[in-house]
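Visitor: Let me see the structure of the following:
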Amino acid sequence: MYKTQDYLQQHLERFTHELLELLRIPSVSADPAYQKEVLHCAEAVAKHLEKIGMNHVEIIATKGHPIVFGQKIIDPKLPTVLVYGHYDVQPADPMDLWHSPPFEPLIKPTEIHPEGAIFARGACDDKGQFFMHVKAVESMLACDELPCNVKFMIEGEEEIGSENLGLFVKEHKTQLSADIILVSDTGMLANDVPSVTTGLRGLSYVEVQVTGPNRDLHSGLYGGCVKNPINALCDMIASLHDEQGKITVEGFYDSVLEISRADRDAMAKAPFSEKAYKKALDIEETFGEAGYTTPERGSIRPTLDVNGIWGGYTGEGAKTVIASQAFAKISMRLVPNQDPEEITQLFQRHFKKIAPVGVRVKVTPHHGGQPAVTPLDSMGYKAAAMAYESTFGKAAIPVRSGGSIPIVAMFEQELGLKTILMGFGLDSDAIHSPNEHYGLYNYRMGIKTIPYFYKHFVELSKS
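Guide: Take a look at the predicted model:
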């Protein structure tokens, strides 16, 4: 890998400028107004794959946004790495909270990234991270040091639940055949603490609707006479946790896989400062399920959170009204052995049961996903850990992520493949938020580290 490392070191500035060009494309999958830009981004990704030397590249249509596929088969007898990423991004709203335009990438230093960070929507999630793989493979191909076959599957709907990816995978199993899936859509503990994500929480996402009277009512004439749907919804939501932070949905914890004390002690070796955590979030105290630490609450325990709530008048000035309806969006992060469909059904039954007399309740399920765990004794994990040590000079720490990537479990079910999550972002990178950014150090270290994964994975495959 010496030639590869020399090559990429010489071209890091170009690699950065190419990423900036990709970030200028507002590929917002959730908003139909950006449909042309999403397609434009897919075309740009395909051109990059062609340029670096893939021997087959195509943009494959789906019922939604297209999937970009590319491959380089150097020898069918060699192992194949399938790289997954997504070129779509979250909406940039609220625009007024951005310090610079979200689709005009700006590089500037920060306290955590003194050498500079790229500020733009999609910088870390996920354009900056999947593009590391494109540049790493370019470097290996340019130096004739790619040790195995590689395939790319870059989709355009991850931020809206990968609505068409499952069907695509089912219909293209032969085309997607591989030995391991490699994804960079997660992060590290810190710039000086490399880590490999070995577990992901699952997800159940629902929308609830509480309906009272058949129309909005004057609060002076009807206040105190009818059940207020907004008040009712707030009371119902408040009852979903007890005073110990435990979720009150009946049967919610029945299938939860309890982590052993030994495993919890091993996870606790990861550096964490409660004080720094609170300072970074500007909060006085943390909150969560009693009996667990903050890192444990955010990784190995299930959660239930309200992600949005609305109803009634929210415009300027006053409007004394009792709204006919109130709404909320609720997500539940799940841990191993919790099935998203079962949890959704439990929530539906519970939420309807706790509805007070005077209102009607509707629960609409949205997307969800299974939790996933990668064994530490697998070839993929070992290759990733060795790759990080090759560039960071220290052993990577295995961590369980609190986030959900539903496609990981789907890949295992449909393709029979484990996914290795080699993320290089940081929790402070503000993904999904205004002022999202990605450190130049992280981007470039990712490009340097990824080739070593290929090297070690192939060597382990031979042993």
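Visitor: Show the contacting residues for residue 272.
Guide: 293-295 (C-beta atoms under 8 Å, 6 or more residues apart in numbering). Any C-beta I mention is one placed from the backbone N, CA and C, and that applies to glycine too.
Visitor: how about 7 Å then?
Guide: Residue 272 sits next to residue 295 when contact means C-beta atoms under 7 Å, 6 or more residues apart in numbering.
Visitor: same deal with residue 126?
Guide: Going by C-beta under 7 Å, 6+ apart, residue 126 touches 85-86, 158, 185.
Visitor: On the C-terminal side of the lowest-mean-pLDDT helix or strand in the chain, identify the next helix or strand.
Guide: Between all helices and strands in the chain, the lowest mean by mean pLDDT, DSSP states H and E belongs to helix 261-267, at a mean of 81. Per DSSP states H and E, the first helix or strand lying C-terminal to helix 261-267 is helix 274-281.
Visitor: Using CSV, write out every CA atom in that following helix.
Guide: Taking Å, rounded to 0.1, in the frame of the first residue of the first chain, the C-alpha atoms of helix 274-281 are listed here in CSV:
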residue,chain,number,x,y,z
GLU,A,274,-20.3,13.7,31.6
LYS,A,275,-19.1,17.2,32.3
ALA,A,276,-17.9,17.8,28.7
TYR,A,277,-21.0,16.1,27.3
LYS,A,278,-23.3,18.6,29.2
LYS,A,279,-21.2,21.5,28.3
ALA,A,280,-21.2,20.7,24.6
LEU,A,281,-25.0,20.5,24.7
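Visitor: now it: mean pLDDT?
Guide: Averaged across helix 274-281, the pLDDT comes to 93.
Visitor: With stretch 334-344 instead?
Guide: For stretch 334-344, the per-residue pLDDT averages 94.
Visitor: how about that stretch: buried residues?
Guide: Across stretch 334-344, burial judged by 16 or more other C-beta atoms under 10 Å covers 334-336, 338-340, 343-344.
Visitor: Tell me who's in contact with residue 361.
Guide: Contacts of residue 361 by C-beta under 7 Å, 6+ apart are 208, 210, 351-352, 355.
Visitor: do residue 366 as well
Guide: Residue 366 neighbours (C-beta under 7 Å, 6+ apart): 205-207.
Visitor: Buried ones among those?
Guide: So, by 16+ other C-beta under 10 Å, the buried ones in the contacts of residue 366 are 205-206.
Visitor: circling back: when you filter the contacts of residue 126 down to buried only, what's left?
Guide: By 16+ other C-beta under 10 Å, the contacts of residue 126 give 85-86, 158, 185 as buried.
Visitor: ok, the residues you listed vs residue 222, which is closest?
Guide: Of all the buried ones among the contacts of residue 126, residue 222 sits closest to residue 158, with 45.2 Å by C-beta to C-beta.
Visitor: Please name the nearest non-neighbouring residue to residue 6.
Guide: Distances taken as C-beta to C-beta, 6 or more residues apart in numbering put residue 143 closest to residue 6, at 7.8 Å, once the chain neighbours are dropped.
Visitor: from the buried residues of stretch 334-344, which is closest to residue 388?
Guide: Lowest distance from residue 388 to these (C-beta to C-beta) belongs to residue 336, with 24.4 Å.
Visitor: A strand includes that closest one, no?
Guide: No: when classified by DSSP: H, G, I helix; E, B strand; the rest coil, residue 336 is found to be coil rather than part of a strand.
Visitor: What ranges does the chain have for its helices?
Guide: All helices of the chain, identified by DSSP state H, fall at 2-10, 12-23, 35-52, 127-142, 165-171, 219-222, 229-238, 261-267, 274-281, 294-297, 340-353, 379-392, 406-415, 440-462.
Visitor: How many residues are close by residue 122?
Guide: By the criterion of other C-beta atoms under 10 Å, residue 122 has 34 neighbours.
Visitor: measure it to residue 430 for me?
Guide: Relative to residue 430, residue 122 is positioned 12 Å away (C-beta to C-beta, to the nearest Å).
Visitor: so what's residue 251 closest to, chain neighbours aside?
Guide: Closest to residue 251 by C-beta to C-beta, 6+ apart is residue 346, at 4.9 Å.
Visitor: For the one you found, grab the count of nearby residues.
Guide: By other C-beta under 10 Å, neighbour count at residue 346 equals 19.
Visitor: List the contacts of it.
Guide: 249-252.
Visitor: Could you do residue 116 as well?
Guide: Taking C-beta under 7 Å, 6+ apart as the test, what residue 116 contacts is 107-109, 440.
Visitor: mind checking how far it is from residue 188?
Guide: As judged by C-beta to C-beta, residue 116 and residue 188 stand 18 Å apart.
Visitor: for residue 16, same thing?
Guide: 19 Å.
Visitor: Compare neighbour counts for those two and give me the winner.
Guide: Legend: neighbour count by other C-beta under 10 Å for residue 16 and residue 188, higher for residue 188 (25 against 20).
Visitor: Contacts only, for the more buried one.
Guide: Applying C-beta under 7 Å, 6+ apart, the residues near residue 188 are 194-195, 423-424, 426.
Visitor: Make TSV out of those and add pLDDT, distance to residue 136 and neighbour count.
Guide: Below are the contacts of residue 188 laid out as TSV (pLDDT from 0 to 100; distance: C-beta to C-beta, whole Å; neighbours: other C-beta atoms under 10 Å):
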residue	pLDDT	distance to residue 136	neighbour count
194	94	16	24
195	93	19	22
423	96	14	23
424	98	11	27
426	96	20	21
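Visitor: closest to residue 456 among these?
Guide: residue 194 (14.4 Å).
Visitor: quick one: contacts for that closest one?
Guide: Residue 194 neighbours (C-beta under 7 Å, 6+ apart): 188, 388, 392, 394, 396.
Visitor: what two of these are the furthest from one another?
Guide: Most distant of those, by C-beta to C-beta, are 188 and 394, 11.6 Å apart.
Visitor: which two in the contacts of residue 116 are spaced the farthest apart?
Guide: Among the contacts of residue 116, 108 and 440 lie farthest apart (C-beta to C-beta), at 10.4 Å.
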